[in-house]
Every structure is written in structure tokens, then in C-alpha cells.
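> got a structure for you, letters missing:
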């Protein structure tokens, strides 16, 4: 019996990687299976993903996109149509070679992403400027043959949405690329309480086949960065490779301009590493499967359980409310739901019922508040909002503490030797400087932020003239 | 320009199979791709699936199940653990043999169904009677290497949900098997307006590895049957193969009793073939992506479009309302949305505005009703409900017309030679009789219905004593 309550986790500062593994398994988010590098997403983890998915799906639909579903398999010859794309993805795809007992004439890869499938379809359905824009999205599983994997962060198979759009002009495609990055930033900041830096990837770090890639980058508790969503302007590279043309208003054949953008289960890893603490998960209210967990105190006493269940029913109009009426001791239950990151605990026992009150305990601050029954409904909403806000502010503060500036290579190197975090530094635009930073410090360029500052006018690496500020960091 | 409006479809009675193909492609439900046997589910088709999915998902959650996500791949050794199961599925799985450029030490099959993955997980998380029942479900894509494929009906890859549960007793598992069949029947009858026959599969037709299989069977417009959802009592066969045991209240190790049940995109094929007609799709209101399509008449005249858009906004509180304000002629629009099966068309032009009325045209009966603006809201709901009811009644009537009885083999054979439909006939329970019916008539046993009738006491095939009524039919 004892086993199910022993949920000790490694302290963050002792071993952050082990802390992470402890949290994802002991908070019942995932389990391992005999499929290397794949994870089982358990009910609690999947409910979290469903909340994130619903929030994002609504925004995708509100911006005029339609959901579709493309095949899982891609014939090898189709994948090879766009040269940069196949070069980027070939080393990490899984190949189906047999169907039943027969060897296939042509291998099929399990989609690592679906650009080529969308392109083939677009060629089929786009003929005239009247057919544009085409704004499609799909929710799907994809596979990338990763050597080293970690739950949510890097898995052989993951769940995501991938948007794929076609436009008449470069400008429209550019607007779309920006718009969808803003949608991702909105979900990160306002649902998951994860502050992000918005910017552009360098050419070296952009998507295979893209003209350019926009990204949102977030900073984990250990000071490492995590790419949290990307939006690509594909230009007309795929359109030319696949022959996706439309007749414009003047009767001229034009190639379409395309975008693609993706957001994955990886974000759950970010949420864990941004908000979690030594007691386990901390889930922002807007994403939490259970926002308020009612723990009856002395539940064997007459009236307590009835009262608690009534309360659950009443409060369910205002929040996602659970009740733990199991026969475990209250202390065990407190630990359990703290571990699972439930934003708010509501304790109610005989004395509280007598005094017409309950106790609210915040997961983020540990603060306990006695609330009278009369003001409970309004207080509940207020406190949940405040937790959401506080988590975002706290994460932003931590990120600011861990954001440094460097104006010379020595300074940059010293920061990455002694500290972890974002380093803002100027860059000349030359890939050899980017390579050198990576080789000598282990840090990569995260993005060229939209919000530029001129912290110097020399490249942090080569000292030549530089007018672009770059965020650098070691990254997941 | 003309091309996009030419949506002629083959008449049902001329060539039902071609009618079906015409409808799925011309109503923009699907498109083909270079991936053999797979389909692209287009926005209209996917919106339909999302509606069905949401209705079913809500019912699955309301009956206490939790969603999870299992890996796409199954190692060959894991698939082989349950003997009957692997025998049933091995001939139709796709095999991944390479990851990137490396050959795998063990082949991975792309899941055709996920029993073995759930079993492996259950062995890991079930220890005590306190851990039961486990009521899990997943929404996923699965692959079966079919030789001959048709959109929705039989595809290499399809979307579905698969429920997998563990129980302490055989009775509980049996209750669950029945409950989930009732849930499927509810979705078919009350969302999709498809009447179903509920019953049990014969041993020959049951799921590979199951103790028994419950099924709902529906009848298409051409008189062929379609298996529309199945629920399996797995007994303890998988539990024994995987060692899934729990400690009961008396401290004894017991094997769990399991169920699994699935409902797929195939049901869209059933919906098409039950309700469709020579003008195209007919979608029941509860499943329809657009329930009411507003067509402005003489939309170039002042005030018409504004009025139509206002109407759309107002009515959107009561129904899923679309508006077609494209520059096509109203007649083209009528055809277009009839083809797409929109349940109700709302026409509004200058004269209607003057008279403070609109025209409603029903897709199911073709009836046109003039409705005054004052009663529009209530009338709209009323008519949609009536269409939903009418479609179900109509389908039920057709099924009854096409349901026959046979008390001798000659009679059975004659029916299947001259007609199509369900044939009710007694069966002795011997598989050789079942085989003979199939060989000589092409019909298979669809189910042993829960509602039994004793139409004779002799087996329709061998004449021996028989006390089970069976529904026989040629089937998709």
C-alpha cells in the first residue's frame, strides 16, 4: 500500500534532468513502453494536452483556418521533390518496407511533417486566384527517428498541429507567418503562462525548405532555452517543386506563396520546466485538467462528504473542480495533488461547515486563505486569475534574471561557462561566427528578436560591424 | 469557370458504387493522393468527423472513461504475445524496418489496433482491486494493409477511437461491453439518424482474440449491410498472455477481465449510403457542419447582403449557419449545397425583406416553406428537428422494406439471388452452415440480434434444430 504514496522527487538543484523525469512519471503524465523513444500519454497528461489543443484549435479556427487530415505515409519519391526538405528530413524518418508479407515496390516514410502531402493536394485543388488563400491545418502524430529521447521534449513520435497555407502574394504569406506566431505566443503567454521571445531564426537554424522561420523561445528553470513554436514562410520553393500555380486576375500563371507552422506536445515539457518546483508540477489554471481539488477533512464525520459533493457541483459552474474522497489521509492527498500541480486546493471539514467557510490553499505561493461561503464563488475566480497572472510574472522575472548581455567573445564565453540563460549579443550575420559560438560555448542562436536593441555595433564573435541583436542560449 | 459548377453525379440505380465515388469527391469530402488506399479528408469531411467525434467523445467521458495516447508502433515480439490476435492481424500490418539509414534489430508494426500496447501498460499500473476498473480510450489513426480500398469504407489508414478497459469480474466486463454498444447505437441513431440492429457476432466473425463481439449493423440504400461499431468482451485471454493480475480483497491474485471497442471514420460511408440521393449527400442536422445555408437572392440589390449577414449572426445562436455570398448564380448555389447535403437552405431576397419573411427549403423532402421573421427562430429549430426525425424514420422504413425472412435454404438463396437486404433466418450454431451460406449466396452472418424471434425451429441451412435467429446479408 505504501508504494502508491511514496512520490519523492529529486531536488531541482541536485539534478534537474532527474527532477524532470521524476515529475513526468510520478505526476502520472506519462509512462514508458517497450517502444523505444515513444511515450504513453496517461489520462492526466492527455487531459492537459486536450486543454491546450482546444485553446489553440479555437484560435486557429477563429483566424479562418480549416482542419483537414492527410495520410500518415509519404512515398519516397514524393518526399524527394523538394531538395532542401528531403536533405533535412531523410536522416530521421522511419521507413515502411513491407505490407503484410509483401515487400513494397516503393518505400513509404512515416510522415515527419506533411509539407509534401499538402503540396500534392494543393496542386490538385488550386487553379485560380479565386481558390486563394487556402488556410488548412491538421492535428496529427508525426515520427522523427531521434537517437536520444526524453518525454515530451524529444520523442520518436509526437502529437502536434501543422498548419499549411497558400497565398497569392509574398506579403500575404508573410502576414500569415507573423499572425500564426502571434497565435502561438498568445497560447504560451495567456494559457500556459510561459513568457516568450519572438523572433526570426538565422538561416542556419531555419526549417528545411523555408525562406525564413519565425520562432518563439522560452527559458526553462535551469536557464536552458526551448523552442516553443515555429512559423515558416516557405516562399515559392515548394510551389515550384510541385507546380502549384494559379491564374491571376490578369490571366497570368503565378506560383503560390506558402507557409507552414507547428506546435507540439513538447510545450508540455516547457510548462513543466518553467513552473515546476521541488514539490512537483505547477499547472497554470487555464491549462489545468483540475483547477480546484476539494479535500474533505475528517470525511468520516456526518455531513462532511455530502457537503463536499454539493460544493463540487455548485462550483463546477465556475471552474474545473475535482474531489478526492478516497480513503487516504488528508496529508497524503495534499502531497498527491501538489505533486500533480493542481492550482488550488479547497479544504473543508466539520469546523469549516460549522463556521460556514472553507480553506483555499494556493499551489503557487503555498498561501492559505479562509473564505466564507458567501464570497466563495467570486473569490475562487479571483484567486485562479491571480495564480495565472502570478505564474506568468514569476516566470518573466526569472527569465529577466537569467538574461545577460555580452559585447565581446570573452564575455560571452565567460557567461556560458559560469551561468545558464539567454545572452543578448550582436551578430554580423556570418554563419562562421554562429558556428564558432556553438563550438566554443555550446550555445546556439535562438533568434533574432523582433524587438531589437543596439547593445553595441560590433559582432560579439568577429568584431566586424554588426547591426543585429541575437539571443543565444544552450537549448533543449 | 464552368468546371467548378459541373457536379453531375451518376444515378444511384445506374451504378451505386460510382454514385458513391462521385458523391464523396464532388461533395468535397475527400481527395485522393499518391499514397495508395489512403484518403485526404478535406475540410468539409473533417468538420463532419469532428462533429461525430465530439458527440461520441462526450458520451465516452460521461460514462467515466479517460482519454490517453499510446505509441503508433508495436514491436513484433509484443504483437505476438496473444496467439489469436497476431493470427488475425499479421497479414494486414505495415512493417517499419528502417529508422533513418539504419536497419532495425526488431521490426515495428504500425498499429492496426492497440490491445497489446494497452495490455503492456495495464500490467504496469494495475496491482490491486483498488486500481480497477481502468476505463481508457484513445483517438488515433490505425493502419491495415487492405488490397482493395474505398474512401471511408475500407482504407489503408483510418481514424477511430478505441476503448480498452480492465475489470475485476466477468460480469462487469460484460456490462461494459453492452454499455459501449449502446453508446454507439445512440450516436448512430440519434446523431447520424442511422437505425441499427444490435446483436452478437458469431464466433467466426468475432474479433481476433475476443471471447465474444457485440456489433451494430446498419443497412445501406443498396441493401448491403455495414458493420457500424463493435464492442468486444476479451475475457482474460490477453490478461493471461500479458500477466495482468490484481490482488483481490481476499489477498488472492486474479486476472483482470477486459473489453475493447471501436468506432471509425467508416461511419461516414454509412451515413452517405443511408441518406444520400441522386442529388448528392444528405447530412442529418446533428452531424452537419452547416445546418442552414443562407443564399441571398439578387444580392447586388441594396440591403440584401447586409440583411443576410445580420440574419446569419442572429441565427447562429440557434444553429450552425453559413452564408454563400459568392458571385455564383443562386441556382448554382442551390445545387452546390444540395450536393453537399446541407439540411436546410434559407433564401432571402428583396421581396422577402419587403414582406418580412424568408423561404426555407428542406434537403430531405424538397419542401419549401415561407416563414415570417417573427417566428423564424422557433421554426428553424423545429424544422431541423423534423428533418433529423424524418431521416431516421425514412431509413428505418427502407430497412424494414428490405428485411426478409427465410425458413429454408432455397428461400434464402432465392432472396439473395433476386434481392438485397437483411434476411432473418434460424441457425443451428454450426460454423459449417455459416460457411455454406457464404459460399453459395455471398451473404455473411451479420449478427445474432439481441431481439430474438422464433421464425421456425430449424436451421435454414441444415434443417437441424435451431433456436438462434441470425441476420444475414451481403456486406461492405
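Structure received. Every value quoted in this text rests on a predicted model; they were computed, and no experiment measured them.
> wait, isn't residue A:225 in contact with residue A:403?
No. When contacts are counted by Cβ atoms under 8 Å, residue A:225 is not listed as touching residue A:403 (10.5 Å). From N, CA and C alone the C-beta is placed, and that goes for glycine too.
> who has more neighbours out of these two?
residue A:225 (26 against 16; other Cβ atoms under 10 Å in any protein chain shown).
> now do the same contact list for the more buried one.
A:217-219, A:422, A:446, A:471, A:473-476 (Cβ atoms under 8 Å, 6 or more residues apart in numbering or on different chains).
> with residue A:147 instead?
So residue A:147 contacts nothing (Cβ under 8 Å, 6+ apart).
> per-residue confidence at it?
Model confidence at residue A:147, given as pLDDT, is 89.
> that one sits in which helix or strand?
Assigned by DSSP states H and E, residue A:147 belongs to neither a helix nor a strand.
> how near is it to residue B:350?
Applying Cβ to Cβ, to the nearest Å, the value for residue A:147 to residue B:350 is 69 Å.
> can you check residue A:123 too?
Counting by Cβ to Cβ - residue A:123 and residue B:350 are separated by 42 Å.
> surely residue A:455 and residue A:425 touch.
Yes. Contact status for residue A:455 versus residue A:425: in contact at 7.3 Å, counting by Cβ under 8 Å.
> neighbours of the residue of the stretch 151-300 of chain A found nearest chain B, how many?
Nearest residue of the stretch 151-300 of chain A to chain B (Cβ to the nearest Cβ) works out as residue A:157 at 5.1 Å. Residue A:157 sits with 22 neighbouring residues when counted by other Cβ under 10 Å.
> where does it land on pLDDT?
97.
> with residue A:4 instead?
43.
> now, of the contacts of residue A:225, which are buried?
A:217-219, A:422, A:446, A:471, A:473-476 (16 or more other Cβ atoms under 10 Å in any protein chain shown).
> now do the same contact list for the residue of the stretch 351-476 of chain A found nearest chain B.
Closest residue of the stretch 351-476 of chain A to chain B, Cβ to the nearest Cβ: residue A:476 (21.0 Å). For residue A:476, the contact set (Cβ under 8 Å, 6+ apart) comprises A:153-154, A:220, A:224-227, A:269.
> find the nearest non-adjacent residue to it, please.
Distance criterion Cβ to Cβ, 6 or more residues apart in numbering or on different chains; nearest residue to residue A:476, sequence neighbours excluded, is residue A:226 at 4.6 Å.
> next: residue A:222.
residue A:16 (4.5 Å).
> quick one, phi/psi of the one you found?
Phi and psi for residue A:16, reported as degrees, to the nearest 10, are phi -60, psi -40.
> next one: it from chain B, what distance?
From residue A:16 over to chain B the distance is 26 Å, taken as Cβ to the nearest Cβ, to the nearest Å.
> thought that residue was touching residue A:223?
No. Between residue A:16 and residue A:223 there is no contact under Cβ under 8 Å: 9.4 Å.
> the strands in the stretch 251-400 of chain A, which residues?
Under the criterion DSSP state E, counting those that start in this stretch, strands of the stretch 251-400 of chain A are mapped to A:253-255, A:257-264, A:292-296, A:321-323, A:344-348, A:357-362, A:368-372.
> residue A:188 is nearest to which of the ones you listed?
strand A:257-264 (9.0 Å; Cβ to Cβ).
> do that closest one and chain B meet?
No. Using Cβ under 8 Å from any Cβ of the partner chain, strand A:257-264 never reaches chain B; the gap is at least 12.9 Å.
> who touches the lowest-mean-pLDDT helix or strand in chain A?
Counting by mean pLDDT, DSSP states H and E, chain A has its least confident helix or strand at helix A:83-89, which shows a mean of 83. Contact partners of helix A:83-89, identified using Cβ under 8 Å, 6+ apart, comprise A:79-80, A:112-113, A:115-116, A:144, A:207-209, A:237-238, A:241.
> need these in a markdown table with neighbour count and secondary structure, can you?
Formatted as a markdown table, the contacts of helix A:83-89 follow (neighbours: other Cβ atoms under 10 Å in any protein chain shown; DSSP: H, G, I helix; E, B strand; the rest coil):
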| residue | neighbour count | secondary structure |
| --- | --- | --- |
| A:79 | 21 | helix |
| A:80 | 15 | coil |
| A:112 | 20 | coil |
| A:113 | 24 | coil |
| A:115 | 29 | helix |
| A:116 | 27 | helix |
| A:144 | 22 | coil |
| A:207 | 23 | coil |
| A:208 | 18 | coil |
| A:209 | 24 | coil |
| A:237 | 19 | helix |
| A:238 | 27 | helix |
| A:241 | 18 | helix |
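> can I get these in JSON lines including distance to residue A:188 and pLDDT?
JSON lines is the format used below for these (distance: Cβ to Cβ, whole Å; pLDDT from 0 to 100):
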{"residue": "A:79", "distance to residue A:188": "31", "pLDDT": "92"}
{"residue": "A:80", "distance to residue A:188": "35", "pLDDT": "90"}
{"residue": "A:112", "distance to residue A:188": "24", "pLDDT": "96"}
{"residue": "A:113", "distance to residue A:188": "21", "pLDDT": "95"}
{"residue": "A:115", "distance to residue A:188": "24", "pLDDT": "95"}
{"residue": "A:116", "distance to residue A:188": "28", "pLDDT": "96"}
{"residue": "A:144", "distance to residue A:188": "22", "pLDDT": "95"}
{"residue": "A:207", "distance to residue A:188": "19", "pLDDT": "92"}
{"residue": "A:208", "distance to residue A:188": "24", "pLDDT": "89"}
{"residue": "A:209", "distance to residue A:188": "25", "pLDDT": "90"}
{"residue": "A:237", "distance to residue A:188": "28", "pLDDT": "96"}
{"residue": "A:238", "distance to residue A:188": "27", "pLDDT": "96"}
{"residue": "A:241", "distance to residue A:188": "32", "pLDDT": "95"}
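> now, which of those sits nearest residue B:298?
Comparing the contacts of helix A:83-89 against residue B:298 with Cβ to Cβ places residue A:238 closest, at 42.2 Å.
> is it true that that closest one touches residue A:114?
No. Residue A:238 lies out of contact with residue A:114 (Cβ under 8 Å); the separation is 11.5 Å.
> ramachandran angles for residue A:443?
Residue A:443 adopts backbone torsions of phi -90, psi 150, taken as degrees, to the nearest 10.
> next up, the contacts around it.
Residue A:443 makes contacts with A:412, A:416, A:423, A:437, A:472-475, as judged by Cβ under 8 Å, 6+ apart.
> at 6 Å instead, please
For residue A:443, the contact set (Cβ atoms under 6 Å, 6 or more residues apart in numbering or on different chains) comprises A:416, A:437, A:472-474.
> likewise for residue A:93?
The contact partners of residue A:93, by Cβ under 6 Å, 6+ apart, come to A:109, A:112.
> domain boundaries for chain A, per the record?
Following automatic domain parsing, chain A resolves into domains at A:16-275, A:292-399, A:404-473.
> gap between the shortest one and the chain center?
Domain A:404-473 has its average C-alpha position 25 Å from the chain's average C-alpha position, going by Cα atoms, centre = their mean, to the nearest Å.
> same check, this time on stretch A:264-275
Worked out by Cα atoms, centre = their mean, stretch A:264-275 lies 6 Å from the chain centre.
> one more: stretch A:466-476?
What separates the centre of stretch A:466-476 from the centre of its chain is 20 Å, taken as Cα atoms, centre = their mean.
> what does stretch A:340-349 give?
Relative to its parent chain, stretch A:340-349 has a centroid offset of 26 Å by Cα atoms, centre = their mean.
> okay, how far is it across it, tip to tip?
Counting by Cα to Cα, to the nearest Å, you get 23 Å between the two ends of stretch A:340-349.
> show me what it is in contact with.
So stretch A:340-349 is contacted by A:27, A:281-283, A:285, A:288, A:290-295, A:297-298, A:308, A:358-361, A:363, A:387 (Cβ under 6 Å, 6+ apart).
> tell me which element residue A:432 is part of?
Residue A:432 belongs to helix A:431-441, assigned by DSSP H and E.
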